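# sharing a model prediction with you, sequence too.
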Amino acid sequence: MPDTPLLDMVKVPADTRGLDIPQLKQLADEVRAETIDAVSVTGGHLGAGLGVVELTVALHHVFETPKDILIWDVGHQCYPHKILTGRRDRIRTLRQPGGLSGFTKRSESEYDPFGAAHASTSISAALGFAAARDQKGESNRVVAVIGDGSMSAGMAYEAMNNAAETTNGQLMVILNDNDMSIAPPVGGMSAYLAKQVSGGAYRNFRRFGKSVAEHLPRPFRNAARKAEEYARGMIVGGTFFEELGFYYVGPVDGHDMDNLVPILKNAAAITDRPVVVHVVTQKGKGYAPAESSADKLHAVAKFDVVSGKQNKSVSNAPSYTKVFGTELIKRAERDPSIVAITAAMPSGTGLDLFGQAFPERMYDVGIAEQHAVTFAAGLAADGMKPVCAIYSTFLQRGYDQVVHDVAIQKLPVRFAMDRAGLVGADGATHAGSFDIGYMGALPGMVLMAAADEADLAAMIATSLEIDDRPSAFRYPRGDGVGVEIPELAAPLEIGKGRIVREGTTVAILSLGTRLQESLKAADALAARGVSATVADARFAKPLDEAMILRLAREHECLITVEEGAMGGFGAFVLQLLAEKGALDARLKIRTLHLPDIFQDQADPVAMYDQAGLNASHIAAAALQALGVEGARAVRA
Ligand SMILES: Cc1ncc(C[n+]2csc(CCOP(=O)(O)OP(=O)(O)O)c2C)c(N)n1
Ligand SMILES: CC(=O)[C@@H](O)[C@H](O)COP(=O)(O)O
Ligand SMILES: [Mg+2]
């Protein structure tokens, strides 16, 4: 590599515009090395970013960002983009408290015109920008970069379907086809794209240049018609996109700067209709440990650059995800009607284990949560026991389907909601904050929250026995607390909580894994001479009315604690007490829940501290409610 690193001179994309192709190639090499080094100290998403290094350099070279709009789908591949857009000095704060987000974020930079993290939103957002430019008479280009995996979501088609009649040539969609999602891609679109790519060598610049001619203003077109040959393959391929009114260009080698730059320039010259440029890349490109890894190092812990060895934290308790996967296998061995559905997250949900055991009974529907839910509803309607495993945050994508296709029809779909509560480094976009409210509001829904891994096993058993209505159980990202899990957990009595510790003055009513902190809070209160009962609600719906009314009746103070936003469990308890006339001046109540803000990334414990949901906060809330002096300074 030449002496003077170009990356030291390139602070923002404008600094790349005077570079020639060899220099752009050098810059790409430097950006790739910087990305690998940065992620080795921060952890995060690696494979996707490595796959778009050349594309990122070429896009910022060809388009005048930030005036031209560049929107990354999901945004997990945006680290090279951040390095090139004035954030190289902070790239080693990625996903750290107070540091750079692991995804694109409007508040972080003018080069991030639209935030991401949930997949398949980029074309809709880009179309919005394009339509706005049309309205304002501005001619800047708008570019959306979307991966092949993210093209499996309905939202991408909704936008493609709408594009041709919503804007003229402002919109360009770069389809980043690396033939990977987190796992290998699934579905017809993936097969279609593979066919496009397999149709011979990638198109190159020499032939494409002439084909643009027919899209040039008329005076130039005749000159172009003299050209001996239009690049038929460059134009005719991509029928699917052409039918949607797009001009299809590709497939193009996304690592070949010699062709990528001129092709992007030519595609940018097409202004009479939206353009899709089908770029073929390799996820994990340029880093051997990523290239050889099955998941192309989609997400990594901190690692040693030379060996690729990750410093993964070791715990003697299994993760909740592992417990879910293992328990479901046990149940499926005994019940052939059990089938499992994931929306492109087999390893994240633990269903990869289930899929190995029962390949015919595990469905990966791609990034398609809406479809996953209604597909599960169809399975349930025809007598199967579908377990739909979708992260709490991603289930938001399929909520109307939960209401309309599952709950109203009282279909016994089982929802395994992993990543419930705060998730840490992925920050606000991935927090499972809202499912208690949005699932608990549905008539007939049985909604459970595991306090530990043994509870999770029992809730899986409980859910599988519920055949007359939908049920859901939530559990957090990360490891359990190390309690023993029975070989075959007994199902719970629906709507029944449990008293874990008897006391007299304060009742702490916990839902989910805040139980451990609630018990520590009771100890802290005891040290201050205050006796506390600790109860595990287990069910957010139906509530254990008898237990809750008794707690209210027999204690001076009632504290509810949940790993969810306001309008969830605490609200349900308050509504119950109000309806039963159990709210009176004697009873002092505090509902502890996630704060009414979107919390940025940090370590989960620190985030729960910020949220006021650790033991010291629970104890302080009780003392403050009781009017005890110095309530705030409780050391738990
Ligand atoms: C709605 C939604 N569902 C699931 C995910 C989890 N997820 C993040 S990246 C990814 C795979 C994306 O594949 P692709 O678009 O091909 O990008 P690549 O990683 O291959 O660059 C998935 C499933 C998500 N971010 N959003
Ligand atoms: C980018 C994305 O959405 C996924 O990769 C997500 O970050 C996975 O989250 P977990 O690491 O909790 O499985
Ligand atoms: Mg992909």
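Nice, thanks for sending it over. Ligands and ions are numbered 1, 2, ... in the order given.
# where do the strands sit along the stretch 351-500 of the chain?
For the stretch 351-500 of the chain, strands defined by DSSP state E, counting those that start in this stretch occupy the ranges 362-364, 385-389, 414-417, 446-449, 471-474, 498-501.
# all helices of the stretch 251-400 of the chain, in order?
Counting by DSSP state H, counting those that start in this stretch, the stretch 251-400 of the chain has helices at residues 257-268, 288-291, 320-334, 346-349, 351-357, 369-381, 392-395, 399-401.
# what's the fourth one in contact with?
In this structure, residues lying in contact with helix 346-349 by CB atoms under 8 Å, 6 or more residues apart in numbering are 182-183, 295, 321, 324-325, 342, 352, 355, 362, 364, 389-391, 416, 418. All C-beta spots, glycine's among them, are computed from the backbone N, C-alpha and C.
# also the fifth one?
By CB under 8 Å, 6+ apart, the residues outside helix 351-357 that reach it are 183, 322, 325-326, 328-329, 332-333, 340, 342, 345-346, 361-362, 364, 389.
# which residues belonging to that helix are considered buried?
Buried residues in helix 351-357, counting neighbours by 16 or more other CB atoms under 10 Å, are found at Leu351, Asp352, Leu353, Phe354, Gly355, Ala357.
# where does confidence bottom out across those residues?
Least confident of the buried residues of helix 351-357 in the model: Leu353, at 94.
# phi first, then psi, for the residue lying closest to Arg501 once chain neighbours are set aside.
Using CB to CB, 6 or more residues apart in numbering and skipping the chain neighbours, the partner closest in space to Arg501 is Val534 (4.1 Å). Geometry field for Val534 lists phi and psi as phi -120, psi 130, criterion degrees, to the nearest 10.
# same thing with the one 10 residues further on?
Recorded main-chain torsions at Asp544 are phi -80, psi 80, according to degrees, to the nearest 10.
# next: the one 4 residues further on.
When read as degrees, to the nearest 10, the backbone of Ile548 gives phi -70, psi -40.
# now do the contacts for it.
Gly497, Leu509, Ala537, Val573, Leu576, Leu577.
# quick one, what contacts whatever residue of the stretch 451-600 of the chain ends up closest to ligand 1?
For the stretch 451-600 of the chain and ligand 1, the shortest gap (CB to the nearest ligand atom) falls at Arg477, measuring 13.2 Å. Going by CB under 8 Å, 6+ apart, Arg477 touches Tyr320, Thr321, Asp418, Arg419, Gly421, Val423, Gly424, Pro604.
# want to throw the residues you listed into CSV with distance to Ala620?
Shown next, in CSV, are the contacts of Arg477 (distance: CB to CB, whole Å):
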residue, distance to Ala620
Tyr320, 28
Thr321, 33
Asp418, 31
Arg419, 28
Gly421, 21
Val423, 25
Gly424, 24
Pro604, 20
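# near ligand 3, which residues of the stretch 451-600 of the chain show up?
Applying the criterion CB under 5 Å from the ion, no portion of the stretch 451-600 of the chain neighbours ligand 3.
# so what's the residue count around Gly51?
29 (other CB atoms under 10 Å).
# how near is Ile71 to Ile597?
For Ile71, the distance to Ile597 equals 25 Å [CB to CB, to the nearest Å].
# next, count neighbours for the residue of the stretch 151-300 of the chain found nearest ligand 1.
Among all residues of the stretch 151-300 of the chain, Ser181 sits closest to ligand 1, at 4.0 Å; criterion: CB to the nearest ligand atom. The tally of other residues near Ser181 (other CB under 10 Å) stands at 26.
# dump the residue contacts of the nearest residue to Leu574 once chain neighbours are set aside.
Excluding the flanking residues, the one nearest Leu574 by CB to CB, 6+ apart is Thr591, at 6.5 Å. With contact set as CB under 8 Å, 6+ apart, Thr591 has these partners: Ile559, Thr560, Met566, Gly570, Ala571, Val573, Leu574.
# residues of the stretch 101-250 of the chain that sit close to ligand 1?
For the stretch 101-250 of the chain, the residues found near ligand 1 under the criterion CB under 6 Å from any ligand atom are Ala117, His118, Ala119, Gly147, Asp148, Gly149, Ser150, Asn176, Asn178, Met180, Ser181, Ile182.
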